[in-house]
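> Curious how this folds, go ahead:
(one chain, ligands or ions: 1)
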Amino acid sequence: MKHIAIFGYGVVGGGVTSVIEENREAIARAVGDEVDVKYILDLRDFPDSPYGGRVVHDASVIMDDPDVCLVAETMGGSHPAFELSMEALSRGKHVVTSNKEVVANFGDRLLARAGENGVSYLFEASVGGGIPVIRPFLTSLSGDTVVGISGILNGTTNFILSKMKSEKRAFSDVLKEAQVLGYAERDPSADVDGIDAKRKIMILSALATGTLPDDGDVYAESIRGIAPEDVSAAERAGRVIKLIGSFRYEKGSPAIFVCPQMVKKDDILAGVNDVYNAIRVRCSVTGDVMFYGRGAGRFPTAGAVTADIVAALSGAAAAECAPVFTKKSGSVADFDRVRFSYYIRLAGVSPSDAGEDLSRYFDKVEPVPGSPAGKAEFICGEASGKELKAFVASRDDVESVIRLAE
Ligand code: HSE
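Okay, here's the model as predicted:
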């Protein structure tokens, strides 16, 4: 019998106990032994749960129990999840997690601690929920060089943007629906302001480059400013607005950022709707590889956590390449240097006058067909963020700017 503990009996932690119960036989076959949840660490009590008797409030009970060989950390937040994970690894226990905040901020230290103690630190569920995307970096793609990543990494914002498009509704209206459905939290900032997607692209680019960027070096932009006019303009320009997490090289330096981007209608990412996630990984040998599936939710995420439990306990993780990255501040290209083409909308100016002005800043200026009266809309390119800022500062009629996906 392999005894494990779950830290945090919330949506994901509760899902893990259910998945382990439901798939008990298959898991035992894969691990070569029965897996038993011996403890659950939580501040609360769960008298009505069949696992209520296994709840402890003191982590040292678990840390001191040599029978516990693995901890599934599903607490969320940086602290005390980071400290408890470090402690468990130091005590020779594997740690698996769904906690992208901890991996994005402290993954380098946790992996180092796991290596020192001959155990695994695994985090498949931290990116893309139920989509297997972390392990493929370490297995199938391990002989290749990842040169780019483009992903819809946040289910909540994809739900909001999909509804804004299909039902022609405003951001604030769809956000309320997302909150009622339980996709968006009461404070929706981490999702809508791109913070969650930023953590995920930080983790993926760390796997691609071996360097975990500093949180402050990675640009993230909100979708709060996306208006129905932008959604309509994207449609007329043959595009769809998506919140994209990107990694690519800009003059040899990794550029890592999250922002709303207008994606071409025939791009596979344009057809990814609702709470689904999709990640395109561009490799120098293999070419493009796509990962698609449920990026959020109790069971997809719990399924990915359970897969890591199996990988750690069966020895599969030890046999594969272990994820390794170190952290480095200033390792990312300055976002102001990254070049894009842009959708630009100006108010109160004729398209012919505006077009001439824009040509002074951008090489290519094409009007978007069917602009509403009193508005001039263009696709302009290419320019760096710095050049774009100079253009915006030079006039007071810029109503909207949205970057175009490559
Ligand atoms: N809030 C996240 C999302 C959950 O909407 O994608 C999964 O990380």
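> Just the element for the residue in the stretch 1-150 of the chain that the ligand sits nearest to, please.
Nearest residue of the stretch 1-150 of the chain to the ligand: residue 129, at 5.4 Å (Cβ to the nearest ligand atom). The C-beta positions use only the backbone N, C-alpha and C, and glycine is treated the same way. Under DSSP states H and E, no helix or strand contains residue 129.
> do you know how far it is from residue 279?
Per Cβ to Cβ, to the nearest Å, residue 129 is found 11 Å from residue 279.
> can you check residue 272 too?
For residue 272, the distance to residue 279 (Cβ to Cβ) stands at 10 Å.
> And for residue 45?
39 Å.
> And residue 242, by the same measure?
The spacing between residue 242 and residue 279, counted by Cβ to Cβ, is 12 Å.
> residues bridging contact with those two, i.e. touching both?
residue 152 (Cβ atoms under 8 Å, 6 or more residues apart in numbering).
> Can you pull out the residues in contact with stretch 281-290?
With contact meaning Cβ under 8 Å, 6+ apart, stretch 281-290 is reached by 133, 136-137, 141, 143-150, 204, 208, 268, 278-280, 291.
> mind running it again at 6 Å?
141, 144, 145, 146, 147, 148, 149, 280 (Cβ atoms under 6 Å, 6 or more residues apart in numbering).
> Just the buried ones from these?
Buried subset of those (neighbour count, 16 or more other Cβ atoms under 10 Å): 141, 144, 146, 148, 149, 280.
> Could you export the residues you listed to a markdown table, including columns for distance to the ligand?
Listed next are the buried ones among the contacts of stretch 281-290 as a markdown table, based on distance: Cβ to the nearest ligand atom, whole Å:
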| residue | distance to the ligand |
| --- | --- |
| 141 | 22 |
| 144 | 26 |
| 146 | 21 |
| 148 | 21 |
| 149 | 16 |
| 280 | 17 |
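> Could you identify the most distant pair in the residues you listed?
By the measure Cβ to Cβ, 144 and 280 form the most distant pair in the buried ones among the contacts of stretch 281-290, at 14.1 Å.
> And the most centrally placed residue in the chain, how far from residue 216?
Centroid check for the chain by Cα atoms, centre = their mean gives residue 200 as the closest residue, at 3.1 Å. Relative to residue 216, residue 200 is positioned 17 Å away (Cβ to Cβ).
> thinking again about what came up before, farthest pair in the contacts of stretch 281-290?
The most widely separated members of the contacts of stretch 281-290 are 145 and 280, with 15.4 Å between them, by Cβ to Cβ.
> Of residue 45 and residue 279, give the one with the bigger neighbour count.
For the pair residue 45 and residue 279, the greater number of neighbours falls to residue 279 (26 against 11), based on other Cβ atoms under 10 Å.
> Look up which residues are beta-bridged to the more buried one.
Beta-bridge partners for residue 279, by DSSP bridges, are residue 151, residue 291.
> Relative to the ligand, how far out is it?
To the ligand, residue 279 is 12 Å away according to Cβ to the nearest ligand atom, to the nearest Å.
> wait, doesn't that residue sit right on residue 291?
Yes - at 4.5 Å, residue 279 counts as touching residue 291 under the criterion of Cβ atoms under 6 Å.
> Give the intersection of the neighbour lists for those two.
Common neighbours of residue 279 and residue 291, using Cβ under 6 Å, 6+ apart, are residue 133.
> ok, for residue 333, nearest residue in space, not its chain neighbours?
Leaving aside its sequence neighbours, residue 333 sits nearest to residue 253 (Cβ to Cβ, 6 or more residues apart in numbering; 3.8 Å).
> neighbours around the one you found, how many?
By other Cβ under 10 Å, the residues close to residue 253 number 13.
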